[in-house]
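Student: The sequence and its predicted three-dimensional model are supplied below.
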Amino acid sequence: MMRRPWFFMMAMLFAASFANGQDTPVSDQAEQIKALLARVELLEKQVAELKAAQVASAAPGAPAAATPVNPAPSAQPSVQPVRESQTQTAQEKVRQLETQYPSLQIRGFADADFSATDQKGTVSGFNLGELDLHVASALSRKISYFAEVTFNAQPTGYAVEVERNLIRYDYNDYFKLSFGRYHTPIGYWNTTFHHGTWLQTTVDRPNLVMDGGTFTPIHTVGFLAEGNIPSGGLGLSYNFGVGNGRGALIERPGDAGDINNNRAWVAKLFARPAKAYGLELGGSVYRDKITLPTGPEYREWIYSAYLTWTKGAPEFLGEFENVNHRNIATNAVANSDAFYTQFGYRLPWFERSVKPYYRFEYTHMPLSEQVFAYQPRVESIAGLRYDISSFAAFKLEYRHLASHAAQGGNPAQPALNAVFLQTAFTF
């Protein structure tokens, strides 16, 4: 009795698969196999149900026609919901075969450098540079984890730093929420190029956003909301974050807690117009309270604006930042300014692998500035980047740091000249 339905269903299944296989491209066979496995699983369940029904009908005292082997048309509605549920279960299993969680991926960046300078007492020569590891893991369709860890060569060993460490929930394109340590969305460079030097055109970051510098708080520990704003072709997006702000050392964030129990916040709005692909412009505001180890406290406002064009032929990056510090006890105010402009052009020869570039940097600090160490800066950088492959590049760079006039007891600094060679790559 039971061999006929099973044989009949299996014969129809394999006949259909054979007929479809005659004119199906090889690239679609994997999807067909998944579909056939799901159908086989469904048929096996239906056969098991029919066997159970036959056993029940053969039990003592049970009506012989309680559950017919071939149900009449009137019995179909009672069977249909079961078949739909089974089909949904099979589809879910197929989807699970396609994507498995957690899904771990590791990406790396590294560089090796050589430098020579006319500054006396400066360590030059070869330098191992930075090893930067990106670790990403999808935990579900909407939840993901990301970490960035760097290893930097030091005279006494290696400095290991957790640059980013966060978990993110992607509700949709308009709202994504992250918790952990992230790059503060102030301006453009700090959230675009991160720490892998292969990502950027130049050998190093501008002084404005130098890692380990004091002018811009590079990292924040807290939460960050981001997403697109419905704006048609204007392409508006936003960032809004709240965190611990600067730590006891102002170049570092409050990784272990907020030292003055006063949260910092940052807001950024930027646009990427659809009709001008490669163009991005935006601005940001940052607010914090700073407590120096020596005791004084300051209110800090940071205003930033930028304009970039990143098609490569040409490339233009321009960013300006104003930092306002107000002494809470005396109301004394100091405003420090900094900006950079960078030009690059990917030449049409050699498969567009050569890009000459130039960057000008300027930093101004008044004598009334008490939070930052006095360090005005005027620097010119000229260089050449050659992409030897899609994942590696050579860079040659010349830097000229102009002299500073003596101010406030600070001696005049002589002009400095330096040459840098770098090979940067990703893996």
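Tutor: Happy to help now that I have it.

Student: Please count neighbours and contacts with C-alpha atoms only from this point.
Tutor: Will do.

Student: which one is residue 221 nearest to, not counting chain neighbours?
Tutor: residue 181 (4.4 Å; CA to CA, 6 or more residues apart in numbering).

Student: Doesn't that neighbour lie inside a helix?
Tutor: No - remark: residue 181 does not belong to a helix; assigned using DSSP: H, G, I helix; E, B strand; the rest coil, it is strand.

Student: Spit out the contact partners of it.
Tutor: 163-166, 219-222, 255 (CA atoms under 8 Å, 6 or more residues apart in numbering).

Student: Please repeat the previous calculation with a cut-off of 7 Å.
Tutor: 164-166, 219-222 (CA atoms under 7 Å, 6 or more residues apart in numbering).

Student: tell me the domain ranges of this protein?
Tutor: Annotated domains of the chain cover 3-98, 173-426 [automatic domain parsing].

Student: Now the weakest link among the ones you listed, please, by mean pLDDT.
Tutor: Among the domains of the chain, domain 3-98 has the lowest mean pLDDT, at a mean of 50.

Student: Need the three-state assignment for residue 160.
Tutor: Relying on three-state DSSP, one would call residue 160 strand.

Student: and it, what is it in contact with?
Tutor: With CA under 7 Å, 6+ apart, residue 160 has these contacts: 150-152.

Student: Selecting buried members of these in PyMOL, what would you type?
Tutor: To isolate the buried members of the contacts of residue 160 in PyMOL, using 16 or more other CA atoms under 10 Å:
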select buried, resi 150+151
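
Student: Dump the contacts of residue 160 to TSV, plus pLDDT and secondary structure.
Tutor: Formatted as TSV, the contacts of residue 160 follow (pLDDT from 0 to 100; DSSP: H, G, I helix; E, B strand; the rest coil):
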residue	pLDDT	secondary structure
150	97	strand
151	97	strand
152	94	strand
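
Student: Please identify the helix or strand for the residue nearest to residue 239 when sequence neighbours are not counted.
Tutor: Leaving aside its sequence neighbours, residue 239 sits nearest to residue 226 (CA to CA, 6+ apart; 4.4 Å). Element membership of residue 226, judged by DSSP states H and E, is strand 219-229.

Student: Pretty sure residue 238 is one of the things the residue nearest to residue 239 touches, is it not?
Tutor: Yes - judged on CA atoms under 7 Å, residue 226 makes contact with residue 238 at a distance of 5.5 Å.

Student: The stretch 301-427 of the chain: strands as residue ranges?
Tutor: If DSSP state E, counting those that start in this stretch is used as the criterion, the strands of the stretch 301-427 of the chain fall at 315-327, 333-344, 354-364, 377-389, 392-401, 416-426.

Student: is it possible to export the ones you listed to a markdown table including distance to residue 289 and mean neighbour count?
Tutor: Shown next, in a markdown table, are the strands of the stretch 301-427 of the chain (distance: least, CA to CA, whole Å; neighbours: other CA atoms under 10 Å):
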| stretch | distance to residue 289 | mean neighbour count |
| --- | --- | --- |
| strand 315-327 | 9 | 20 |
| strand 333-344 | 14 | 20 |
| strand 354-364 | 22 | 19 |
| strand 377-389 | 26 | 18 |
| strand 392-401 | 32 | 19 |
| strand 416-426 | 35 | 20 |
